[in-house]
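Enquirer: predicted structure and sequence below. I'll ask about it afterward.
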Amino acid sequence: MKRFSRQSFVMLLIAMLLVLGACSSNSNSGTGSSNTGGSSNTGSSNSSDTSSDEKPVTLTMLVSGAKAAEGEDFELEIFPRLVKEKFPNVTLEVQKLPDEQYYTTVKTKLGAGEGPDIFLVFPKLANMGAIEVAKAGYAADLSDLSFWDRVSPAAKNDMSYEGKPYAVAKGMDILGTYYNKTLFEQAGITEIPQDWPSFLEAADKLKAAGITPIAMGDKDMWVIQFGMYQLAANSVYPTDPEFDTKLQTSETQLTDEKWIKTINQYKELYDKGYVVNGSLGMASAQAAQQFVDGKAAMIFTGTWDLPSLTATGAAEFERGFFSLPGNEPGQPVYASASTAAGYAINANSKNLDVAKEVFEYLFDAESPLFEAWVASNPSISVFNGVELQNDIFADVLGNIQETGNAFYFSNQMWPAGVSDAMQSKFAEIIGGRAVTAEDVAKAMQDKYTELYKQ
Amino acid sequence: MNSAVMKKTMYFFVLPALVFYCIFWIFPIFKLFQYSVTDYNGYVQSFNYVGLDNFKQLFQEEVLSISIKNTLIYTAITVILGNIIALMIAVLLNASISGKAFYRSAFYIPTLFSAIVVGFIWSYVYMPQEGLIASFLEKIGITTWDTNFLGSYSKSLYSIIVVDIWKNIGTSVIIFLAGLQTVPHELVEAGKIDGAGKWKLFRFITLPMLATSVTINITLSVINGLKAFDFPFIMTNGGPGISTNTLIFAMYKMAFTDQLFGKAAALGIISFAIIIVITILCVFTLNKKEVSA
Amino acid sequence: MTTGSLFKKLGTHVLLLALVFVNLVPLIIVLSSSLRSPKNMTNPLNWFNEFTLESFISAYTRMNFPVALWNSVVLTVISVIFVVLFAAMAAYPIARIRSKTSKFLYIFFLAGLVVPGQMVLIPIIQMIKGLGIPLGQYTPILMFITCSLPFSTFLYTGFIRSGVPEEIEEAAYIDGAGIFVRFWKMVFPLLLPVTVSVVITQGVWIWNDYFFNMVFITKSIDAPLPVAMLGFLGDQQNPAQWNVLFAACILCALPLLLMFLALQKYFVGGLTMGSVKG
């Protein structure tokens, strides 16, 4: 850096500006998004069986979850590949983030106006729920898509706002207890527990046999919901199905004794040492690893986690699935089941039409993409005519279909933030702090009152 | 040469920087003040003015006091412990031995890693049962110690503080080493001849000569400690619970997870005030010490 | 040279080596694990029980390393050039002119140090959109420049005041040189040590920044190295993925490490500049 003549400086500036200009215009035309008012999109054809205009298009997709432990991951690998086969000019880029980072990242990006073209949306009032994203204008109205007549009305409604659907649910998810059949046999458990005292007994037998009864990745605090809602489905809703609607009108509060009972039941599992030591420092992926390695007999999670729990681990064993029986002896077991998360399209996407075409392809019953999706989808399909892919859920699903004894995941009817308050406070119990179930319920109610202003 | 015309032309030089700074830094800060008295949630563009509600709400919740406490602990330990360790290492290095460059580089390497990479590596170190510390303890036969670092209410904050110190030791070592090397040898020799012991030498000759580098180093570390965000974000997500929430992290979470931007802005203003007050206190105290040294 | 002081020297070395070892042991394990094949799950403490580049190849492809590296280079170089120019220019009048205005400007810039970027994120985004600036690959540059200004201006001001005597400019002035010429030809070249310092201190944090890049950059082809690392976020908790994760960590840090080894002198000089002169 010797003598910096003024001329060379000015030339450097000009050169840089030129390069900057060239680069930005290159990247714009190359990906089909333009800064001059989206003119490239108005010319695209809207017919759904021919590929869109020849300009190369990159669609970005952001979802939450864990990468498939084995084989190809549907969202990360199969989906983009099949899209490319059908629409050669469309490149689908998928990013999968852990749940917590997913929320902050997708919200930051949507807030910045740079959201992904396709993203994951949850039912009703849940965090990143359909209602929220529709109100904010982030998700595009999907009413004009052709396949809604093949989707179960409940699933469509859970993703709708003011009568219009904004996301296509992946299916129905059931929260349950996966268990290791071999370890159960080893501990002398011959039947699946059908009520709370029997469940505690079974956990005791496991403990006596030197087996860790339950593994939970409480470092990822949202997993606290997994056990809690199964218990709520038995201890809160059967006697009061409209509980959450009553909350909205302040007819009841979360400090109600039914919730105290639920929280105390879940607390019992930790007090009695049934849950693995140090669960607060263990992330869900690690807990899943413990399960597949045969180090713990049970884990509470939902149908969506089937891939990671059936991955090959250090131990070989058959997996089973049952609903956590929070009920009294003699009462029926209620399952916790809800519409699963689904895919939505960014309302401000520069490639809205292309994304819609991809959706049509994805949900077209005859397309190879639909088949691949159904095959890899652990959630129970809500599309007509699709059979249950995974037998492990057959018992619980059969029970639900016969008796209708099921309730949704509570957070879908609470303003986003209430379940976080629950997780946060309950985590203190797990961490051995002097917190009671009443404290947790109070924290939940306080948050509810603060957030439910509408 | 400093005529009025000259001055005016000179001020033009400030323009580019000033423009950037005002548009992208100063103006947004004012916006923050505005949002703190609204119920803006970050994306729905309409909002209402709610007076001091956000502030009142914050003072009632425990997030505020816990974040303040955590941030102060974080700052105090990273600054004090970090600088003492770095100083000790610099002193060791300053002894007339060979290989200074090697050691200096060795300590500096962690600083070159992105916070993300450092966070990943230390998540591994701290993982219960399978991580570095846990495996090591297992190998040497200690099985009873609780290796749950990031998941423990009592240990997690200190665990991430260690990571911060680890990452930044190198810079402090280099700065202190350079400072030590400016201490004139004759002064030290004179002190030795006068019969001063090692500690006295250090306290009355070396330390005062280091005054400027110490001041700047400490002020910058204090400011960085108060702004701590990276490691709670990457390693613990503020948890377990909110036990590793720092002021800035709590604010970020409030804005992006809870969607309460008005409240987050209020928290931001409070944090801002705290940071300024502490920085000013710090600068004054250090300045006084510098003068008296 | 007595045996006493020899012992002392040896002792110091041993102590230092021990400290270095403890300090770097996580990195050593990371290195050893990254050299294993992805499926190798034996205890990481069994160092170096395998030598293969499989994990590196996997990480390399997954991160799209060459593209990410190029993006990092482009972002950092452009940002640093602007920072140097703007800060040096801003420092000139602040350092030379003794007036209330210049004092105010000095404090004004310096005060920016206390504000964390995360705090003003949303207003900044609105500002950017309001100005019609497209959000994309180069947007983080705006933030990098803005955040670097306080410290860089501080460094330049200090140096110009104490290290660049006015006489040099006097001479040029008398020769009839205009103000631009005086600055660029006489003052700026003398600022080389500070420029190095600014380049090093700001360059390193800009290169390693993940936050602003994460917020503003959506397409993976635009992502610089730290953002490419974000794709591995889920893996930090899954022991089964560590070998590849660690390989990615090493790849990410490698460019900067190599630069450091090659330019050590400048790094050290640049770091101490600010404090010793300050």
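Expert: All right, it came through fine. Numbers count the residues shown, from 1 in each chain, chains lettered A, B, ... in the order given.

Enquirer: quick one, domains of chain A?
Expert: Structural domains of chain A, as assigned by automatic domain parsing, span the residue ranges A:57-171+A:340-376, A:173-338+A:393-451.

Enquirer: tabulate the ones you listed (CSV), appending distance to chain C and mean pLDDT.
Expert: Yep, even glycine has a C-beta here, placed from its N, CA and C like the rest. Supplementary listing: the domains of chain A in CSV, determined by distance: least, Cβ to the nearest Cβ, whole Å; pLDDT from 0 to 100:
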stretch, distance to chain C, mean pLDDT
domain A:57-171+A:340-376, 5, 88
domain A:173-338+A:393-451, 3, 91
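
Enquirer: and of the ones you listed, who's closest to B:Gly191?
Expert: Taking Cβ to Cβ as the criterion, B:Gly191 comes closest to domain A:173-338+A:393-451 out of the domains of chain A, the separation being 50.4 Å.

Enquirer: that closest one near chain B anywhere?
Expert: Yes. Contact of domain A:173-338+A:393-451 with chain B is found when judged by Cβ under 8 Å from any Cβ of the partner chain, involving A:218-219, A:221, A:277-282, A:286, A:416-417, A:420, A:424-425, A:427-428, A:430-433, A:450.

Enquirer: circling back: I'd like the domains of chain A laid out as TSV, including mean neighbour count and distance to B:Val222.
Expert: As requested, these are arranged in TSV below (neighbours: other Cβ atoms under 10 Å in any protein chain shown; distance: least, Cβ to Cβ, whole Å):
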stretch	mean neighbour count	distance to B:Val222
domain A:57-171+A:340-376	20	27
domain A:173-338+A:393-451	20	29
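
Enquirer: can you put these in CSV and add distance to C:Ile145?
Expert: Conversion of the domains of chain A to CSV gives the following (distance: least, Cβ to Cβ, whole Å):
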stretch, distance to C:Ile145
domain A:57-171+A:340-376, 18
domain A:173-338+A:393-451, 36
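
Enquirer: please tell me how far A:Gln101 sits from A:Glu85.
Expert: For A:Gln101, the distance to A:Glu85 (Cβ to Cβ, to the nearest Å) stands at 31 Å.

Enquirer: which ones are touching the residue most central in space within chain C?
Expert: Centroid check for chain C by Cα atoms, centre = their mean gives C:Val204 as the closest residue, at 1.0 Å. Going by Cβ atoms under 8 Å, 6 or more residues apart in numbering or on different chains, C:Val204 touches B:Thr111, B:Leu112, C:Leu256.

Enquirer: isn't B:Asn245 right up against B:Pro232?
Expert: Yes. Contact status for B:Asn245 versus B:Pro232: in contact at 6.6 Å, counting by Cβ atoms under 8 Å.

Enquirer: mind listing the shared neighbours of the two?
Expert: Residues touching both B:Asn245 and B:Pro232 (Cβ under 8 Å, 6+ apart): B:Gly238.

Enquirer: strands of the stretch 101-250 of chain A, start to end?
Expert: Along the stretch 101-250 of chain A, counting by DSSP state E, counting those that start in this stretch, strands occupy A:118-121, A:160-161, A:164-165, A:168-169, A:172-180, A:212-214.

Enquirer: pipe the ones you listed into a markdown table and attach distance to C:Phe108 per row.
Expert: Converted to a markdown table, the strands of the stretch 101-250 of chain A look like this (distance: least, Cβ to Cβ, whole Å):
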| stretch | distance to C:Phe108 |
| --- | --- |
| strand A:118-121 | 41 |
| strand A:160-161 | 47 |
| strand A:164-165 | 51 |
| strand A:168-169 | 52 |
| strand A:172-180 | 55 |
| strand A:212-214 | 58 |
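
Enquirer: ok, which of those strands comes nearest A:Ser336?
Expert: Between A:Ser336 and these, the shortest separation by Cβ to Cβ is 4.1 Å, and it involves strand A:172-180.
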